[in-house]
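*Asks:* need the 3D shape of this:
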Amino acid sequence: MKFLCESTVLQNMFSGASCWLASLLEDMGRVEPEKTVTYSFCKKTLDLELTLGSTLSSSSLITRGLMTMKHSDHTPHSGDSTPSRNRHQLLIEGASCASCVSKIEAALEVVHGVTRAEMNLAQRSVSVEGEVDADTLISAVENAGYQATSVTDVADSELLDEKDKADDIYYTRLMRDTFIALGLGVPLMAYGLFIGEMTVTTTNERLVWLGVGLLTLSVMTTSGRHFYIGGWKSIGAHTANMDTLIALGTGSAWLYSMVVVIFPELLPTLARHVYFEATAMIIGLINLGLALEVKARGRTSEAVRRLIGLQAKTARVVRDNKEIDIAIEDVVLDDVVRIRPGDKIPVDGVVIEGKTTMDESMLTGEPMPVEKSIGDTVATGTINKSGSILFRATRVGKDTALARIIDMVKRAQNSKPPIGRLADVISQYFVPTIMIIAVISGLLWLNFGPEPIVAFAVVSATTVLIIACPCALGLATPMSVMVGVGKAAEAGVLIRSGEALQSASKITTMVMDKTGTITLGEPKVTDIVLANDRKDEELLYFAASLESGSEHPLALAIIESAQQRGVEGGSVDSFKAIAGHGIEGIVDGKKVSFGNERLMRVEGVEIDAYIDQAQVLASDAKTPMFMAVDNVLAGIIAVADPIKEDSIEAIKRLKGSGLRVIMLTGDNRATAEAVALKVGIDEVFAEVLPQDKTNKVIELQMEGEIVGMTGDGINDAPALAMANVGFAIGTGTDVAIESADVTLMRGSLHGLADAISVSKATLSNVKQNLFGAFIYNAVGIPIAAGVLYPFFGILLNPVIAGAAMAFSSLTVVMNANRLRLFNAKQH
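*Replies:* Residues are numbered from 1 along each chain as shown. Predicted coordinates:
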């Protein structure tokens, strides 16, 4: 190509940039044998061992970057609860954009023993899982050109305090740098706009502009120091990030201006224009944007901050028959803790003395106080309202319910929904692509531009470098996820991951268990139907004997009813539980079978004369259970589980949002249909065995439905894990909670509707942010390159480009913070 340019200096500058980019891209596609290469714009793909001559296709990059398995964490969530896997938390210094995120994650993922590394640019932190020590991880980050500090063992409250202090220091420094840079840039810009031309035509002007150039250099080495250090490190590591673009853009403008001042004879008269004001203004405006971003970013951690604020600082424990106040960190298992009216519960425990009411609204969202007496559990962070109690500590430190909630919220805020992977893939190539566009833009102006072609080439290339904003891409997803997950936590909804957050917004069918989900899970014995001259006490005795070792709600209801009548159960031999049928065993030498109609049919018990009575009970939403003694029907015990007060309204909300709602229960059909009729559910699958629940979820998925499953029992765990999104009732079993993607801290199904509403709002916010970031770059970069000049004579000023770049990321942060005003109850 023939260059129509009088300046060999500028020509060499563009040619040198082209060569450097070419070598960089060549390294991306071909490396030496057995050598591992990592580039910040090749996340999760170029951290492979490649052989000489091998290349990476775009399809392999996208496949490796986007492929995920929904249920890789289940059985149960290995990434969340497996004790053998270490989890490290690192604070990162020096990361500024999506390319930095890609580079840091890639550097950590090639470390031996690391199974997952996810960075949150908004929090400047990275979560790493695997069998590896913190020092190795820190070394990997430092080799990638950044600074890292391990905060794995730092208390949450201390960590937030340290981050607040660091943010305050960073904000103060950025504002100082802003004032220094704008203190020079604003007067220079005003001079150029209103007083005179910023050109070099005389010796006196050369001396003046030389002084201004040196002042600009001092601004670059003070206010812009972090940009140039970051840019230099990235180039040295064969990578490129936002700092690279800023450093190249402002550095090129300053260097060109100094050539104009010192060697004006090298350039034509019309090209002798200086751009010192652009360098100073760009540095000042970008620093201002970063400062405002830091302030806005701090508000996204409010949910975690409020949760941490629920923790008590001290506890009053009973030791050596004396009550003493100790730091919360000194409480150990089995300590006896005294709680007075108004006290916060410092650790989890079980009440051993006294009676009171607890305000659990801060954890569950349930406003009504809950009565507590001997044997009841108390949770960290709840507030004692009236009485004085003693309780024994059962979970302390990071094992308490509150600590686990905080940990789950923080991990969810750090995780990325699949939609965020799009930004990751783009960021792999973003910065080098921008640099190529800048070079091409400059060359086009040099070859085809009007006079002064040199000035136009410098302005267009500089403006392209400055206006591009990978930072907005990097912040688009994590900012919204942080606020959305925090908003859900405030409503008593704990979302386990970004993937669950996104999937919940797409659910088309919600499948629900009945007992403990739609109903209270606190059944009572309502009817006893006798057969073959048996008595009530006999049936209750046999039933209480069989159920004595069970914790099932129906079993507890029978035992409670027996105790109220003064009936105590006896010993049981040869006990056997038959899934989906009932139980049987030997009581006082007699074979007792207790369960549903199917069990009686299997045992050959004659029940035809009582089927009608059982159906009448079932049609009234009661669960009839047949009892046979020595294969002869003894009677029917009916148990009713009251429907939760707000289940009807919550299900109406779900159906109103367009969801298909299905009841899936192991209870008998008549009872299930009676409950469904009362709550407004049209589709019911009853008498379903545990394995059949999973099969039904798979069947719905095969029909193209995005399935959410809600349950609370062990028998629901497989279906919860198989569903696209599993919702566990927080009052249910630990197995169900561990198998689910979302936990509803209170038993209300309104939490289910809230979770879906928050998920939809968050995903919508992420899409807005990504759309804004993409459109900003897609429109701004061509304009910066000069696409409008042939038609309207418009060429974007680098200062305007700097301002646009600074405030593009701020716009993303502000839009994400709009979620803080979202009210799930109104949607």
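
*Asks:* what number of residues lie near S548?
*Replies:* By other C-beta atoms under 10 Å, the residues close to S548 number 18. Placement of C-beta: from N, CA and C, glycine included.

*Asks:* with adjacent residues omitted, what lies nearest to it?
*Replies:* Leaving out its chain neighbours, the residue that sits closest to S548 by C-beta to C-beta, 6 or more residues apart in numbering is G569, at 4.8 Å.

*Asks:* surely that neighbour is in a helix?
*Replies:* No: with DSSP: H, G, I helix; E, B strand; the rest coil as the criterion, G569 is located in coil rather than a helix.

*Asks:* which residues sit in contact with it?
*Replies:* Contact analysis of G569 by C-beta atoms under 8 Å, 6 or more residues apart in numbering lists Y541, A544, S545, L546, E547, S548, I559, A562.

*Asks:* the same query, at a cut-off of 10 Å, please.
*Replies:* With contact taken as C-beta atoms under 10 Å, 6 or more residues apart in numbering, G569 is in contact with 540-549, 558-559, 562-563, 587.

*Asks:* tell me how far it lies from L444.
*Replies:* G569 sits at a distance of 90 Å from L444 (criterion: C-beta to C-beta, to the nearest Å).

*Asks:* just the buried ones from the contacts of G569?
*Replies:* Among the contacts of G569, those classed as buried by 16 or more other C-beta atoms under 10 Å are 540-548, 558-559, 562, 587.

*Asks:* any chance of JSON lines for the residues you listed, columns distance to K652 and secondary structure?
*Replies:* As requested, the buried ones among the contacts of G569 are arranged in JSON lines below (distance: C-beta to C-beta, whole Å; DSSP: H, G, I helix; E, B strand; the rest coil):
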{"residue": "L540", "distance to K652": "39", "secondary structure": "helix"}
{"residue": "Y541", "distance to K652": "43", "secondary structure": "helix"}
{"residue": "F542", "distance to K652": "42", "secondary structure": "helix"}
{"residue": "A543", "distance to K652": "37", "secondary structure": "helix"}
{"residue": "A544", "distance to K652": "39", "secondary structure": "helix"}
{"residue": "S545", "distance to K652": "43", "secondary structure": "helix"}
{"residue": "L546", "distance to K652": "39", "secondary structure": "helix"}
{"residue": "E547", "distance to K652": "35", "secondary structure": "helix"}
{"residue": "S548", "distance to K652": "40", "secondary structure": "helix"}
{"residue": "I558", "distance to K652": "33", "secondary structure": "helix"}
{"residue": "I559", "distance to K652": "35", "secondary structure": "helix"}
{"residue": "A562", "distance to K652": "38", "secondary structure": "helix"}
{"residue": "V587", "distance to K652": "46", "secondary structure": "strand"}
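
*Asks:* so among these, where is pLDDT lowest?
*Replies:* Within the buried ones among the contacts of G569, S548 has the lowest pLDDT, namely 79.

*Asks:* that one and V567 touch, don't they?
*Replies:* No: counting by C-beta atoms under 10 Å, S548 sits too far from V567 to count as a contact (11.9 Å).

*Asks:* now the common contact residues for those two.
*Replies:* Residues touching both S548 and V567 (C-beta under 10 Å, 6+ apart): I559.

*Asks:* got the CA coordinates for stretch 232-252 in CSV?
*Replies:* Output of stretch 232-252 as CSV, limited to C-alpha atoms (Å, rounded to 0.1, in the frame of the first residue of the first chain):
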residue,chain,number,x,y,z
TRP,A,232,2.8,-1.4,30.3
LYS,A,233,2.2,-4.6,32.4
SER,A,234,-0.4,-5.8,29.9
ILE,A,235,1.9,-5.3,26.9
GLY,A,236,4.8,-7.0,28.8
ALA,A,237,2.5,-10.0,29.4
HIS,A,238,1.4,-10.1,25.7
THR,A,239,-2.1,-9.0,26.7
ALA,A,240,-4.3,-5.9,26.3
ASN,A,241,-6.9,-4.3,28.5
MET,A,242,-8.7,-1.0,29.1
ASP,A,243,-5.5,0.5,30.5
THR,A,244,-3.7,-0.3,27.3
LEU,A,245,-6.3,1.6,25.3
ILE,A,246,-6.2,4.7,27.5
ALA,A,247,-2.4,4.6,27.7
LEU,A,248,-2.0,4.3,23.9
GLY,A,249,-4.7,6.9,23.2
THR,A,250,-3.4,9.6,25.6
GLY,A,251,0.2,8.7,25.0
SER,A,252,-0.2,9.0,21.2
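
*Asks:* average pLDDT across it?
*Replies:* 79.

*Asks:* change the start of the numbering to 245 and stick with it
*Replies:* All set: I'll call the first residue 245, so the last point we hit is now stretch 476-496.

*Asks:* what kind of secondary structure is V836 in?
*Replies:* Under three-state DSSP, the three-state class of V836 is strand.
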